[in-house]
Structure formats: structure tokens, C-alpha cells
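Peer 1: need a structure here:
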Amino acid sequence: MGKPRFTEEQVMAVLREADAGVTIQDLCRKYGMSRPTFYKWRARHNGEVPSDARRLKKLEEENRRLRSLVADLTLRNQALQQALSKNW
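Peer 2: Got it, this is the predicted structure:
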């Protein structure tokens, strides 16, 4: 997956412009994006403020890191249990 073209702050700025009354067609032309992209952003960020978006991104990163740690510890635990279960 490639790098996103717009940051979360830029997405939120575009959505604020739409709330201020700028037409979707004008926004899409101005920022060089498609209408489905705008509607996808609006569905994803419905009612969020930029600080919420940053906080959510931070929590998702922490969740990804913790899941990786749990997976690693689970594999180690299984390997140790297999080693201990062998009859010497």
C-alpha cells in the first residue's frame, strides 16, 4: 500500500470547507480528487475533529504494536511448552 496523498489534517480541512458551504464539485476540482473519495472521507470522519483523528491514529498504532507483542509471546510460550512436554 502506498503513501496516502492527503494527511489526516488535510482531509479534515477539506471536510470543514464542505461544511462551510463549498460545493463538493468545487472541492474535488480544487484538490484533484474524485467524488467517491470525498464521500468515503466524510463517512469515515463523520463528526470528528482533528485532535480526535490524531488520537485515533495513535491508539491504532499502539494497538498494532501490542498485538505484535502478544503474538510473539504466544509463539514463545508454545515453543517452551513443546520443549517441556518432550520426554527426556
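
Peer 1: domain parsing for this protein?
Peer 2: Taking automatic domain parsing as the reference, the chain has its domains at 1-48, 49-88.

Peer 1: buried residues in the last one?
Peer 2: Going by neighbour count (16 or more other CB atoms under 10 Å), the buried part of domain 49-88 is residue 53. To be clear about C-beta, it is placed using only N, CA and C from the backbone, and glycine gets the same treatment.

Peer 1: want to try CSV for the domains of the chain, with mean pLDDT as columns?
Peer 2: Shown next, in CSV, are these (pLDDT from 0 to 100):
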stretch, mean pLDDT
domain 1-48, 87
domain 49-88, 87
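
Peer 1: Which of the three states applies to residue 19?
Peer 2: Going by DSSP: H, G, I helix; E, B strand; the rest coil, the secondary structure assigned to residue 19 is helix.

Peer 1: Let me fix that, I meant to ask about residue 5.
Peer 2: Going by three-state DSSP: residue 5 is coil.
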